[in-house]
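Asker: Output the structure for:
(one chain, ligands or ions: 1)
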Amino acid sequence: MTADPDARAGRDRPEPEAGPEDALVRALVGVVGDRHVLTDPAVTAPFETDWTRRWSGRARCVVRPRDTAEVAAVVRVCAAHGVAVVPQGGNTGLVGGAVPVAGGVVVSLTRLDGLEPVDVLAGQVTVGAGVTLARLQEHVAAVGLAYGVDLAARDTATVGGTIATNAGGIHVVAHGTTRAQVVGLEAVLADGSVVARLGGLVKDNVGYDLPGLLVGSEGTLAIVTRARLRLVARPAHRVVALFALDDLAAAVQLTAHLRQRVAGLTAVEYVERAGVELVVARAGVADPFAGRVHAAHLVVEVAGAEPPAEGLAAAVADAPAIRDVAVAEDGPGQARLWVVREAHTEAIAAEGVPHKLDVTLPLARIAAFRAALDQLLAARWPGSRPIVFGHLADGNLHVNVLGPGPDADRLDAAVLELVAEHGGSISSEHGVGRQKTAYLHLGRSDADRAAMRAIKRALDPDGRLNPGVLFPASSPAAT
Ligand SMILES: Cc1cc2nc3c(=O)[nH]c(=O)nc-3n(C[C@H](O)[C@H](O)[C@H](O)COP(=O)(O)OP(=O)(O)OC[C@H]3O[C@@H](n4cnc5c(N)ncnc54)[C@H](O)[C@@H]3O)c2cc1C
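Answerer: The predicted structure follows:
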C-alpha cells in the first residue's frame, strides 16, 4: 500500500507562530537551496498532518536536505534560531511523532535515499535513512538476500523512521524487531555533530552502544542519516495459510502448536470477524471463506529452501480446533490471503478516526485481556466498535476503537490501564509519540523514567529535537 498523507490532510490548522521567518528560511535556503525549503501551506500540508489524521500542526517550514552534511547544517541553523526540529521519514507513524504539533521545522529525510552495494561477504548493506522498506527489499533481492523487517506501509515507511520507532511488523517471529537488524548507524546529534558506526563490525564493544540507544528514540535524541543493516537469506519457497478458529484463546493455542512444530515460521497474524467484515466492505477484499462466519483467524506464513506446504499440513494435522483453512502456494493466491490482514489499517481509516492503541500482552493473558476489553467498552462506551488485530506470535494486539462517543478522552487511559493490569506493554511497536506521553508511568518505573530524562538532557540539553514526543511538552527533559 502507499500511505498518502496528502489525501488525509486538510483539518483546520493553527497559524504558525510569529517570528523572524525570513531570516530562518533564508538561512535554510542557504543550506539546501530554494527548491527544498517548503513554505506554501498547500505544499507543506501533507507533512503537517499524520497518517491517522489525529495530529496536526503548522511548521515554520519543511526542509528537505539531501545528505548528512546538509542535515547537520540544518540542525545548526535551527539551533541558532532557537527553533525545534521535527524529523520525518515517510509520515506513516501512528502515534503523532513526525508532525509539527508544537510548531518547529519539519526535516524530511526522504531525499537521503542512497543505496550502497550489498556487502555479500558480511550479509549487510548501508543505506540512507530515507530509503523505503520496499526499495531496500528490491535492492537486496537482486543478490538473493532479504531485509528482516516488513510491514504493510512498506512503500512509504523509511529505514530511518523504522529505526526511530524500532518497528516490528509481520516477520518479528522469524527475525526480531528493527533493533535486531541494525549493525550500525550514522546520526546527527542536537548540536549538529555527527556520530557514525558504519564499519559493519558485529562485535564492537567499545563502551556505550550509541546506535542501540538511538533505535526506538523517536527522533528525540538524534536524526538518523544512514544505517548499516543485517540481511537474511531470501527463502526460495513460501506457503501462506488462513486458519479459521473459534476465538483468540484457540488462536493462541494454534500459535504455540506451530512454534513447536514448524521450522521456518515467518508470520503469525491475528484478525477477527469484525475486521474481516470491514475489509470486505471497505477495501473490496474477497470474503476468504465465502460467507462461512468465524470469530477468529490466523494468517500463517512459512518459508524454506524446499516447498513448506506439506510440512505445514502435517504439523496442523493434530492441531486443536481448526474450523476452516485456505492455503496458497502461488504469489497471487498468497496476496489474496495476506490482504485480509494487511488491508485492516486502511479500512479502519476509511471508516473514521479511531482510538488506536498498539499494545503487547503476555500470551498467557492475552485472551483474558481481550474479554476484559469487550466488558470495559460495553460498560463505558456502549456505542463503540472495537476492531482488534495484530502480530499474535509477539503478543501484539492493535486495538482500534471506532465511534466511542462521549467521554472518549478517557478511553486511551482506560485501555492502557487494562493492559498494565494484565502485565502488558502500553507501547508495542508504534512507539510513544505524542499519544502515550501521559502514560509512561504505566510502563516504566520512576527510576527508569528519570534515567530516560537524564539521557534526553545529556544529548539534547535545549530540548530542540521533537519536543512533546516521548516526554510531555512541559516535562523538564524538553526544556
Ligand atoms: C498501513 C500501515 C501499517 C503499519 N504497520 C506497521 C507494523 O506492522 N509494524 C510497525 O511497527 N509499524 C507499522 N506501521 C507504523 C509505521 O509504518 C511505522 O511506525 C514506521 O516505522 C514509520 O516509518 P516512517 O518512515 O513513516 O516514519 P515517520 O512516521 O515519518 O516517523 C516516525 C517517528 O520516527 C521519527 N523519525 C523518522 N525518521 C527519522 C530519522 N531519520 N531520524 C530520527 N527520527 C526519525 C519521527 O520523528 C517520528 O517520531 C504501520 C503504518 C501504516 C500506515
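Asker: wait, what's in contact with the closest residue to the ligand within the stretch 351-479 of the chain?
Answerer: Among all residues of the stretch 351-479 of the chain, E429 sits closest to the ligand, at 3.6 Å; criterion: CB to the nearest ligand atom. Using the backbone N, CA and C atoms, a C-beta is placed for each residue, glycine as well. Residues near E429 by CB atoms under 8 Å, 6 or more residues apart in numbering: T165, N166, A167, G168, G169, V172, T177, D358, H391, N396.
Asker: Around the ligand, pick out the residues from this protein.
Answerer: Within the chain, the residues that sit near the ligand (CB under 6 Å from any ligand atom) are 1, 3, 51, 87-94, 97-98, 109, 129, 151-153, 157-158, 160-162, 164-165, 167-169, 218-219, 223-224, 345-346, 429-430, 466, 469.
Asker: Among the residues you listed, which are located in helices?
Answerer: Judged by DSSP state H, those include G160, G161, T162, A164, T165, T345, E346 as members of helices.
Asker: hang on, the earlier thing: just the pLDDT for the residue of the stretch 351-479 of the chain closest to the ligand.
Answerer: On the pLDDT scale, E429 is placed at 97.
Asker: related to what we said a few turns ago, buried members of the residues of the chain next to the ligand into PyMOL, please.
Answerer: To isolate the buried subset of the residues of the chain next to the ligand in PyMOL, counting by 16 or more other CB atoms under 10 Å, use the following:
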select buried, resi 1+3+51+87+88+89+90+91+92+93+94+97+98+109+129+151+152+153+157+158+160+161+162+164+165+167+168+169+218+219+223+224+345+346+429+430+466+469
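Asker: Which residues are in contact with the residue in the stretch 101-250 of the chain that the ligand sits nearest to?
Answerer: Proximity of the stretch 101-250 of the chain to the ligand (CB to the nearest ligand atom) peaks at G161, 2.1 Å away. Counting by CB under 8 Å, 6+ apart, G161 makes contact with Q88, G89, G90, T92, G93, A98, L109, A129, A167.
Asker: where along the stretch 201-350 of the chain do the strands fall?
Answerer: Along the stretch 201-350 of the chain, the stretches classed as strands by DSSP state E, counting those that start in this stretch are 222-233, 237-245, 265-272, 296-304, 324-328.
Asker: ok, residues contacting the third one?
Answerer: Same thing as strand 265-272. Contact partners of strand 265-272, identified using CB under 8 Å, 6+ apart, comprise 170-171, 173-174, 235, 238, 248, 251, 255, 258-259, 295-303, 340-341, 344, 387-393, 397.
Asker: Just the buried residues of these.
Answerer: So, by 16+ other CB under 10 Å, the buried ones in these are 170-171, 173-174, 235, 238, 248, 251, 255, 258, 295-303, 340-341, 344, 387-393, 397.
Asker: Now flag whichever of the ones in helices among the residues of the chain next to the ligand is closest to D374.
Answerer: Using CB to CB, T345 comes nearest to D374 of those, at 21.2 Å.
Asker: How about the contacts made by that closest one?
Answerer: L94, A152, A153, H398.
Asker: From R58, how far off is it?
Answerer: When CB to CB, to the nearest Å is the yardstick, T345 and R58 sit 26 Å from each other.
Asker: What ranges in this protein fall below the confidence cut-off?
Answerer: By pLDDT under 70, the low-scoring segments of the chain are 1-21, 474-479.
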